[in-house]
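Engineer: Okay, predicted coordinates and the sequence, questions at the end:
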Amino acid sequence: MLDLITTIVINPVIGFRQLKQQHLPTAATILVILAQLANTLQDSSLFGGSALILSVFVASIVAVILILSISFVLHSSAKLFRGSSCFTQTYQAVAFSAIPLIFTGPLVLLNLLFPLSQPFALLFATVNLLLMIWVVVLLVIAIRQTQEVSTMKAILITTLPLGILLSVLFLLIVLVGLVGRGLL
Amino acid sequence: MVLNGKKMILSLFILSVAALVLAFGVAVINITHLGSGVVGLIYIDDVIGAESTSSFLSGPRQTFLSQLRSAKHDPQIQALVLRINSPGGTSGTSQELYNTILSIRNQGIPVVVSMGDIATSGGYYIAAAADYIYANGSTLTGSIGVIIEFTSYQELYEKIGIEVQVVKSGIFKDAGNRSRTLTPVEEELFQALIYDSWDQFVADVAKGRGLERTMLEPIADGRILTGRQALELQLIDELGGLDEALKKAQQLADIPGDIPIRTYQTPRSFLDRVLASSLRIINTISIMHQFPVQLKYQL
C-alpha cells in the first residue's frame, strides 16, 4: 500500500497502472478522509466552540460522499468515451489522486502551533494552489491509466462533467432564484 | 537514486499523516483548554445587511451577526477586535449588530474596533458600541445620518402612456410607489420615520461613546469625517491600525505573551465564488423589481 503511494507520487503512470490491478476501496476511503482532515484543519478558526470533532466527522462523511459522486460522474463520462474499468477502480483512481493534499500535514500542524505567523497564510495559499494543480494532473493520469484511453480523452472525461456541472448549477441557481422570487 | 527518492517520499508521507493526526490532537487540546485566552477577530468588510451567501456544497457563509454570536459563545474568547471596512448598510441590521456588540461588552469581553479605509454611517454605528476605537488618519468615518431614496417614473410613464392602477387598504400603503411622486403627506411620514431612526442612531452613538447628546447632534448631520477629525470630535479614541487594536484588546483582556488570534471569517472556495456570483445576479435582478423602501445608514 505504502509502496503504491510512493510509486503514484514518483511515477503516477506506473502507479495508477498498478492500482488498477488491485482492490483497495478501504485504503482509498482512508486517503480521502486524511485529505479532508488536512483541508478541514487548515482553518482552525471555523471551530469557534467545541464542534471540532463533529466538524471533522461530518466533513469526512461529506468528503467520501463527494468523492463517490465525482467518481460516479467521471465513471459515467468515461463510459461515453468507451472507458474500460469498473466503478471501484474509478473510485480508487479519484481517491488516490488526492494524495498530494495529505502532504500539507506538516504545514497544518505548524499553522496550528503558530497561528500568528503571517507568512504561513501566503505559503498555504501557494502550496494549496500547486497541490491542486498536482491533484488535477494526477486525476487526468489516473483516468487515462484506469480507463485505458488517450490523454486527450482523459482530459475530456475529467473536464467535461465539471464544465457541464458548473454551467447547469449556475443556470439552475439563477432560475430557481428568479422563480422563487416570482420574477419568472 | 529512485530508491532514495521513494524512501524520501515514503518518509514525507508518513510524516504528513503523523503531522495531521498530531494537528488534530493539538486542535482538540486548543479547543478544550479553556484556561488560555484568545482574541477574536471579525472582519466587517462589506455593506451591512441581513443577507448571506450560501451554497449546499459549502454550507452557509456566516453573516456578521452570526460571526459575532459565535465569538460571544466561544468560551476561549477574552477580547474581540472588529476590523471594519464598510460604508454602512441597512438600519435594522446595523442596530442589531450594535446591540450584539454591547451585549458582548456587558459579558465582560472588551471589544476594540479597527477602522480600515471606511467606516461610515452604519459602519460607524456598530463601531460606536465598542470599548475602544482605532482609525487611520485618513479613514473615512462619521456620516451619522439616515437616508431613504425614491425614484419617480411619473413623467416617463406619462410620456409612454403607462398608468399604474393601485388598490390599497390605506392611504400610505403605496407610499413610495415609483409610478408617481410623493405626496406632501407621504413626505411628512417619511421625514418622521427618518427622524425617528436618526434619533435612535444618535442616542446609541452617545450611549456607546459616553458622549453628551448635545455635543453629538451638531455633527450628526450626515457629514463624513477623516479619522483625524473624528479623533478631535471624540468619535474615535486613537489613531492606529489593526496591530494597535489587537495589542489594545490583549491589554484590556490582560492576556500575557503573544496574541493568540481566532478569526471568524470563513474562506471562500472557487465553487463558493461561482455560486455567490450567481446569487449576486439574482439579487441585482430582484432589487430592480423590489419596492424601493429600505431605511439605510449608508454613505
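Structural biologist: Yes, it's here. Residues are numbered from 1 along each chain as shown, chains lettered A, B, ... in the order given.
Engineer: for chain A, which spans come out with low pLDDT?
Structural biologist: Counting by pLDDT under 70, chain A contains low-confidence residues at A:43-52, A:114-122, A:180-184.
Engineer: what do you get if the cut-off is 80, keeping everything else the same?
Structural biologist: With pLDDT under 80 as the threshold, chain A has low-confidence stretches at A:1-3, A:39-59, A:83, A:110-126, A:128, A:161-162, A:165-166, A:169-170, A:173-174, A:176-184.
Engineer: Just to be sure, B:Leu10 is in a helix?
Structural biologist: Yes - the secondary structure assignment for B:Leu10 places it in a helix, going by DSSP: H, G, I helix; E, B strand; the rest coil.
Engineer: show me what contacts the residue lying closest to it once chain neighbours are set aside?
Structural biologist: By the measure of Cβ to Cβ, 6 or more residues apart in numbering or on different chains, the closest residue to B:Leu10 outside its immediate chain neighbours is A:Thr6, 4.9 Å from it. C-betas here are computed from N, CA, C, even on glycine. A:Thr6 makes contact with B:6, B:9-10, B:13 under the criterion Cβ atoms under 8 Å, 6 or more residues apart in numbering or on different chains.
Engineer: Just say helix, strand or coil for A:Thr6.
Structural biologist: Three-state secondary structure (criterion: three-state DSSP) places A:Thr6 in helix.
Engineer: What is the helix or strand harbouring B:Ala203 packed up against?
Structural biologist: In this structure, B:Ala203 sits in helix B:184-209 according to DSSP states H and E. With contacts defined as 3 or more Cβ pairs under 8 Å, 6 or more residues apart in numbering or on different chains; DSSP states H and E, helix B:184-209 has these neighbours: helix B:91-106, helix B:122-127, helix B:213-216.
Engineer: Which residues does the shortest one contact?
Structural biologist: With contacts defined as Cβ under 8 Å, 6+ apart, helix B:213-216 is touched by B:144, B:202-203, B:205-206, B:209, B:234.
Engineer: if I look at the residue nearest to B:Leu10, how far off is B:Ser103?
Structural biologist: From A:Thr6 across to B:Ser103, the span is 55 Å (Cβ to Cβ, to the nearest Å).
Engineer: again, but for B:Val146
Structural biologist: B:Val146 sits at a distance of 23 Å from B:Ser103 (criterion: Cβ to Cβ).
Engineer: Quickly run through the sheet partners of the helix or strand hosting B:Tyr134, with directions.
Structural biologist: Under the criterion of DSSP H and E, B:Tyr134 resides in strand B:132-135. Paired with strand B:132-135 in the same sheet, following DSSP bridges, are strand B:111-120 (parallel), strand B:238-239 (parallel).
Engineer: Tell me how many other residues surround B:Gln165.
Structural biologist: 5 (other Cβ atoms under 10 Å in any protein chain shown).
Engineer: residue ranges with poor pLDDT in chain B?
Structural biologist: B:1-6, B:9-10, B:26-37, B:49-63, B:75-76, B:257-260, B:263-299.
Engineer: now do 70
Structural biologist: Confidence mapping of chain B against pLDDT under 70 gives the ranges B:1-3, B:30-36, B:50-62, B:265-299.
Engineer: what about the helices in it?
Structural biologist: Assigned by DSSP state H, the helices in chain B fall at B:2-32, B:64-72, B:91-106, B:122-127, B:154-160, B:184-209, B:213-216, B:227-232, B:242-253, B:270-289.
Engineer: What is the longest one packed up against?
Structural biologist: What it means is helix B:2-32. Helix B:2-32 sits against helix A:2-10, helix A:25-41, helix A:52-80, helix A:99-102, helix A:105-113, with contacts defined as 3+ Cβ pairs under 8 Å, 6+ apart.
Engineer: switch the cut-off to 6 Å
Structural biologist: Counting contacts by 3 or more Cβ pairs under 6 Å, 6 or more residues apart in numbering or on different chains; DSSP states H and E, helix B:2-32 is packed against helix A:2-10, helix A:25-41, helix A:52-80, helix A:105-113.
Engineer: Tell me the buried residues in the following helix or strand past the third one?
Structural biologist: Read that as helix A:52-80. The first helix or strand that comes after helix A:52-80 along the chain, using DSSP H and E, is helix A:87-96. Neighbour-count burial for helix A:87-96 flags A:89-96 (criterion: 16 or more other Cβ atoms under 10 Å in any protein chain shown).
Engineer: Got phi/psi on the residue nearest to the spatial centre of chain A?
Structural biologist: Geometric centre of chain A, nearest residue: A:Ala98, 5.0 Å, by Cα atoms, centre = their mean. Dihedral pair for A:Ala98: phi -80, psi 0, per degrees, to the nearest 10.
Engineer: Next up, the contacts around it.
Structural biologist: If a contact means Cβ atoms under 6 Å, 6 or more residues apart in numbering or on different chains, then A:Ala98 has A:Ala35 as its contacts.
Engineer: Chain B versus that one, what's the distance?
Structural biologist: When Cβ to the nearest Cβ, to the nearest Å is applied, the distance between A:Ala98 and chain B equals 13 Å.
Engineer: Can you tell me the closest non-neighbouring residue to B:Ala175?
Structural biologist: Among residues not flanking B:Ala175 along the chain, B:Glu186 sits closest, at 4.4 Å (Cβ to Cβ, 6+ apart).
Engineer: Distance-wise, check the one you found relative to chain A.
Structural biologist: Using Cβ to the nearest Cβ, one obtains 26 Å as the distance from B:Glu186 to chain A.
Engineer: Tell me how many other residues surround that residue.
Structural biologist: Neighbour count for B:Glu186, taken as other Cβ under 10 Å: 18.
Engineer: next one: B:Gly25
Structural biologist: The local packing count at B:Gly25 equals 12, with neighbours defined by other Cβ under 10 Å.
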